[in-house]
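Asker: using only what follows, build the 3D model:
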Amino acid sequence: MKMHTVSEVAEEFGVTTETVRAWIRGRLLMAIQPAGEHGSYRIPDSAIEVFRNRSQRIRPRTAHATHAPKTVQRLDVDQLYRTRIEPVLRETGMSADELMRRMGHDSSLVVRFPSFMSDYSVYVSRAARRVRQRAVALDA
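Answerer: Residues are numbered from 1 along each chain as shown. You can find the predicted model right below:
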């Protein structure tokens, strides 16, 4: 699965890197943040293809979008998993890792589950934060 940086995508579409980040925050372009909530975005080929096919013309009007939809922002880590991640995994019969790999090669999965990559990224970030907080509490 070929992954692209925000800069590469911006250059390809002739827009700024902030516009690409706004598309990602606005959930117009799916991306992965391997390092969690504060890491750099990586955009798979399949997500670029889906974005290109859906976009008749590029409208960078998502600058006011939040990082994640309000429904996701209000969910704690367990609720996020139960309501947004687990149903997709159950429907596909795949693990999250397998689904993410396949989404990199099969744009039909990205179309079928457009928010999964973003939701999973938020989930992993929150789960990691919870583990760190519990480790700190144990050390205290």
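Asker: what about the strands in the protein?
Answerer: Along the chain, counting by DSSP state E, strands occupy 3-4, 43-44.
Asker: and these as CSV, adding distance to residue 95 and mean neighbour count?
Answerer: C-beta here means a position set from N, CA and C on the backbone, and glycine is covered the same way. Shown next, in CSV, are these (distance: least, CB to CB, whole Å; neighbours: other CB atoms under 10 Å):
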stretch, distance to residue 95, mean neighbour count
strand 3-4, 19, 17
strand 43-44, 17, 24
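Asker: compare these and give me the one nearest residue 135.
Answerer: strand 3-4 (29.8 Å; CB to CB).
Asker: and that closest one, how far out from the chain's middle?
Answerer: 13 Å (CA atoms, centre = their mean, to the nearest Å).
Asker: direction included, what does it pair against?
Answerer: strand 43-44 (antiparallel) (DSSP bridges).
Asker: quick one: average pLDDT of the partner strand?
Answerer: For strand 43-44, the mean pLDDT works out to 93.
Asker: one more: stretch 9-27?
Answerer: Confidence for stretch 9-27, expressed as mean pLDDT, is 84.
Asker: distance check, the residue nearest the centre of the chain against residue 128.
Answerer: What sits nearest the mean C-alpha location of the chain, by CA atoms, centre = their mean, is residue 118, with 2.2 Å. Residue 118 sits 16 Å away from residue 128 when distances are taken as CB to CB, to the nearest Å.
Asker: helices of the protein, residue ranges please.
Answerer: Using DSSP state H, the helices of the chain run over residues 6-13, 17-25, 45-54, 70-73, 77-80, 86-92, 96-103, 107-112, 116-139.
Asker: now do the last one: which elements does it pack against?
Answerer: Put plainly, it is helix 116-139. helix 70-73, helix 77-80, helix 96-103 (3 or more CB pairs under 8 Å, 6 or more residues apart in numbering; DSSP states H and E).
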